[in-house]
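Novice: return atomic coordinates for the entry below.
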Amino acid sequence: MLALIAGTGDLPPALVARSPERPLICALDGFLPALDVDVTFRLEQLGSFLADLVARGVTRICMAGAVKRPQIDPGLIDAATIPLIPKVQAAMAKGDDGALRVIIALMEDAGFTVVPAHAIAPDLLPAAGVLTKLPPVDTDAVVVADACLTAMGEADQGQACIVADRRVVITEDQDGTDAMIAKAGQVPGGFLFKAPKPDQDRRADLPLIGPATAQAAASADMAGIVIEAGGVMVLDLPEVLRVLDAHQMFLWVRQRAAT
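Specialist: Numbers count the residues shown, from 1 in each chain. The predicted model follows:
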């Protein structure tokens, strides 16, 4: 049985729609998805939550959707979670990828298999290549973006940036990609670049774009979007392509160069 720990955004409903059987829908308190939730939990009761999943017959867990780090209330920690607290505290002290690695390890220690969203919905990973009518004009400029994201990833800070005139205009922070685009303002001729962090555990927090991202990039007067092949999911690809083609923009699903 699969449990989907669902956050906010469009990804969790997309996964449920693609699942042959409805998973058990679980949500962290304060970050309810656009789904009917079966189980709500707090991090202070993580041990009890995992034990409940075992009792329900859950063997696999998928984490998908947006959440933010909750504040831990020491007074709410239950007996089943006390042994996990050192690892939970270690997770909270790390960056996003580091924290997820610790949480995944805790789930594996409890006997679960953690599966990535793209294993449930492989169609969300588009084929490599230029998928729009127009190709990118300056393909060499992506090297600047690639170097930026490599540095960001090594610091565990974000998965996207905007490049224009072969320089980085802005990088993603904890507010996400769409907020970054809004902060950037008008970026004529620039492009959005999105990719996983180097050596990221791809079972959680794989980057995602969708029609809203494409529309935001169009509103910022960008020339297009570049994403890493096999590393960035695309929700509603036909609609993304329709938006980009309508604004004479490109989508390049770029194969990462071997290192």
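Novice: who's in contact with the spatially closest residue to Phe193 that is not a sequence neighbour?
Specialist: In this structure, Phe193 finds its nearest non-sequential neighbour in Ala145, 3.6 Å apart by Cβ to Cβ, 6 or more residues apart in numbering. Heads up, the C-betas are built off the backbone N, CA and C, glycines and all. Applying Cβ atoms under 8 Å, 6 or more residues apart in numbering to Ala145 gives the contacts Cys161, Val163, Val168, Phe191, Phe193, Val226.
Novice: partner strands of the helix or strand that contains the last one, with direction?
Specialist: Of the helices and strands defined by DSSP states H and E, Val226 is found in strand 224-228. Strand pairing for strand 224-228, determined by DSSP bridges: strand 191-194 (parallel), strand 250-254 (parallel).
Novice: tell me where the protein has strands.
Specialist: Remark: strands assigned in the chain by DSSP state E are 2-6, 24-28, 39-41, 60-64, 113-114, 129-130, 160-164, 167-171, 191-194, 208-209, 224-228, 233-234, 250-254.
Novice: for these, which one sits closest to Pro83?
Specialist: Smallest distance to Pro83 across those (Cβ to Cβ): 16.8 Å, for strand 39-41.
Novice: so which bits of the closest one are buried?
Specialist: For strand 39-41, a neighbour-count test (16 or more other Cβ atoms under 10 Å) marks Phe41 as buried.
Novice: contacts for it, please.
Specialist: Applying Cβ under 8 Å, 6+ apart, the contact partners of strand 39-41 are Ala3, Leu24, Ile25, Cys26, Ala27, Leu28, Asp29, Leu32, Ser48, Phe49, Asp52, Leu53.
Novice: ok so, going back, could I get the strands of the chain in JSON lines, plus columns for distance to Ile104 and mean pLDDT?
Specialist: Below are the strands of the chain laid out as JSON lines (distance: least, Cβ to Cβ, whole Å; pLDDT from 0 to 100):
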{"stretch": "strand 2-6", "distance to Ile104": "11", "mean pLDDT": "96"}
{"stretch": "strand 24-28", "distance to Ile104": "15", "mean pLDDT": "96"}
{"stretch": "strand 39-41", "distance to Ile104": "16", "mean pLDDT": "96"}
{"stretch": "strand 60-64", "distance to Ile104": "8", "mean pLDDT": "96"}
{"stretch": "strand 113-114", "distance to Ile104": "5", "mean pLDDT": "96"}
{"stretch": "strand 129-130", "distance to Ile104": "32", "mean pLDDT": "96"}
{"stretch": "strand 160-164", "distance to Ile104": "22", "mean pLDDT": "96"}
{"stretch": "strand 167-171", "distance to Ile104": "26", "mean pLDDT": "95"}
{"stretch": "strand 191-194", "distance to Ile104": "22", "mean pLDDT": "97"}
{"stretch": "strand 208-209", "distance to Ile104": "18", "mean pLDDT": "95"}
{"stretch": "strand 224-228", "distance to Ile104": "21", "mean pLDDT": "97"}
{"stretch": "strand 233-234", "distance to Ile104": "18", "mean pLDDT": "96"}
{"stretch": "strand 250-254", "distance to Ile104": "27", "mean pLDDT": "97"}
